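Trainee: sharing a model that was predicted from the sequence below.
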Amino acid sequence: MSTIIIIGGGWAGCAAALAAQQGKTKHIILLERTDLLLGCGLAGGIMRNNGRYTAAEELRLLGAGDLIEAADRAATHVAFNFPGHSHASLYSTSIMEPTVRALLEKRNIDVRSLSRVVDVRSSEGAIQAVQLTDKSWLEGDVFIECTGSAGPMGNCVRFGNGCAMCMLRCPSFGPRVSITARMGITDCMGMRQDGAVGSLSGSCEIRKDSLATPLQRALKKDGVSVTPLPEQLVHRSMLKKKSCRQYALPDFANNIVLLDTGGQAKMMTPYFPIDQLRKVPGFENALYSHGSSMANSVRFLSRAPRNDSMRVTGAKNLFCAGEKSGFFVGHTEAMATGTLAGHNAAAMADGGIEVQFPKELACGDIIAAESEGLEQEDGLSQRYTFSGGIYFERMQKRGLYVMDTAELRTRIRRLGLTGFFAATRNNAAA
């Protein structure tokens, strides 16, 4: 029996674990350093906005839609618009994590929380085992790094405004450790539009019960509220600091845009000083949940070199996904890269051939676009998401932004990939 070890239980790691269930019998171990899965997804919630709708449907039709469908079932609002974004849905961050955990356990994924990886044992570019904080070693055949690109907390101090004690909770559970760095492989760091290192998370969370009643009603009814800011409270320079370039639009500087993510309201700005926020009508008693009034996590500090099959360059049996694999933004993007990494890790364990998503699909084109973009002069400052920015523009120009599921079904059938990932998983079950 082969053992596939996935380090990091965010959306990418969860997708990788599900996709790795193929071929011969395998022991799939998902290691998460904290007590909760989903990582940034614990404060996320936005799905299917703009090109993410297309990518979500591609994954479903390819047979890798388990997580997409779980998010759909947990949706609090569907098919609504907010500034710069159409046909979005929001899942409840209150119920998403236990829903995904139950799905993984049902599929016999060996989920191990409070399992922080601190080192690796490797030889000639191949990992034999990873070491946990208790000094124990865990041996495996193929590994997938989904550790993300934020932390440790010192980086949020050095490149940001300090630790916000965000959902990553480095002070409580220990910082992220780069597996590639432990192997002696050099990662690259992203840059902001203003030349600073890394990017700030694009939003933070406010307790809904701390908002004025009219705002709470708007969120419950529409899923979104937009409150104009007085000119003296508009901070347009904030847009250059955001990792989420799809939200770096004037509307998000001129207004407070809130989205309903269940028990919290997602505020679409990295941070906002609380004394200034409380001057805005409706926010007089506002309290932050994840994030803070002066700080947010700094991301894109650790991008691994890879090919478009998601295998790490310079490593024989290590794949990567999520933000670790590129300057990707978003849950759907993490699911796409995680699915490919998980599939190819399982194929390697079986002595099979690595595959790539075809460029005729958005899921393949975005991976190729990020690789190509890294070679450009401003490559370190670009971000790639199906929902906006430079990739959504490319997606539209190439005719990859499709809202008609029937059209996508035909496209995928012509590529011979209908139910591809489901078929490999079913073969494993048989």
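Mentor: Received the coordinates, thanks. Computed from a prediction, not measured in an experiment: that's the story for all the values here. Numbering: from 1, shown residues only.

Trainee: shaky segments in the stretch 151-300 of the chain?
Mentor: 236-248, 290-292 (pLDDT under 70).

Trainee: so for the top helix by length along the chain, mean pLDDT?
Mentor: For the chain, the longest helix by residue count, based on DSSP state H, is helix 331-349. Averaged over helix 331-349, pLDDT sits at 97.

Trainee: stretch 403-413 too?
Mentor: 98.

Trainee: kindly report the same for stretch 2-14.
Mentor: 98.

Trainee: just checking, what packs against the helix or strand following the longest helix of the chain?
Mentor: Helices and strands here follow DSSP states H and E; after helix 331-349, the next one along the chain is helix 362-373. Here helix 362-373 touches helix 52-61, helix 331-349, helix 389-397, going by 3 or more Cβ pairs under 8 Å, 6 or more residues apart in numbering; DSSP states H and E. (Each C-beta comes from the backbone N, C-alpha and C, glycine too.)

Trainee: so which residues of the stretch 101-250 of the chain form strands?
Mentor: 110-112, 117-123, 126-132, 137-139, 142-145, 199-200, 204-207, 224-228 (DSSP state E, counting those that start in this stretch).

Trainee: take the ones you listed and write them to CSV, including distance to residue 285.
Mentor: Below are these laid out as CSV (distance: least, Cβ to Cβ, whole Å):
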stretch, distance to residue 285
strand 110-112, 39
strand 117-123, 42
strand 126-132, 43
strand 137-139, 48
strand 142-145, 42
strand 199-200, 25
strand 204-207, 9
strand 224-228, 15
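
Trainee: residue 98 is in what secondary structure piece?
Mentor: helix 96-106.

Trainee: other SSEs contacting that helix?
Mentor: helix 11-19, helix 66-73, strand 110-112.

Trainee: residue 298: which of these is closest?
Mentor: Minimum separation from residue 298 across those (Cβ to Cβ) falls at helix 11-19, 18.8 Å.

Trainee: chain center to that closest one, what's the gap?
Mentor: 11 Å (Cα atoms, centre = their mean, to the nearest Å).

Trainee: how about stretch 76-84?
Mentor: 19 Å.

Trainee: which parts of it are buried?
Mentor: 76-77, 80, 82, 84 (16 or more other Cβ atoms under 10 Å).

Trainee: over to stretch 203-216?
Mentor: Here stretch 203-216 shows 203-206, 208, 210-212, 215-216 as buried, counting by 16+ other Cβ under 10 Å.

Trainee: same deal with stretch 372-386?
Mentor: So for stretch 372-386, counting by 16+ other Cβ under 10 Å, buried means 373, 379-386.

Trainee: could you find the closest non-adjacent residue to residue 14?
Mentor: residue 100 (5.7 Å; Cβ to Cβ, 6 or more residues apart in numbering).

Trainee: got the contact list for that neighbour?
Mentor: The contact partners of residue 100, by Cβ atoms under 8 Å, 6 or more residues apart in numbering, come to 14, 37-38, 67, 70.

Trainee: let's see 10 Å
Mentor: 9, 11, 14-15, 18, 36-38, 41, 66-67, 70-71, 74, 111 (Cβ atoms under 10 Å, 6 or more residues apart in numbering).

Trainee: any idea how far it lies from residue 38?
Mentor: 6 Å (Cβ to Cβ, to the nearest Å).

Trainee: list residues touching both of the two?
Mentor: In contact with both residue 100 and residue 38: 9, 11, 14, 67, using Cβ under 10 Å, 6+ apart.

Trainee: and the first one, how far is that from residue 299?
Mentor: Summarising the geometry, the distance separating residue 9 from residue 299, computed by Cβ to Cβ, is 17 Å.

Trainee: when the two are compared, which one has more neighbours?
Mentor: residue 9 (31 against 28; other Cβ atoms under 10 Å).

Trainee: ok, so what distance separates the residue nearest to that one when sequence neighbours are not counted from residue 11?
Mentor: Nearest non-adjacent residue to residue 9, counting by Cβ to Cβ, 6+ apart: residue 32, 3.2 Å away. Remark: distance between residue 32 and residue 11 (Cβ to Cβ) = 12 Å.

Trainee: these two: who's more crowded?
Mentor: Shown here are residue 32 and residue 11; by other Cβ under 10 Å, residue 11 has more neighbours (30 against 26).

Trainee: quick one: residues contacting the more buried one.
Mentor: 37-41, 44, 67, 71, 96, 100, 146, 321-322, 330-338.

Trainee: residue 31 versus the nearest residue to residue 130 once chain neighbours are set aside, what's the distance?
Mentor: Using Cβ to Cβ, 6+ apart and skipping residues adjacent in sequence, the residue nearest residue 130 is residue 117, 4.7 Å away. As judged by Cβ to Cβ, residue 117 and residue 31 stand 6 Å apart.

Trainee: what sits in contact with each of these two?
Mentor: With Cβ under 10 Å, 6+ apart as the test, residue 117 and residue 31 both reach 5, 7-8, 130, 132, 138, 143, 147.
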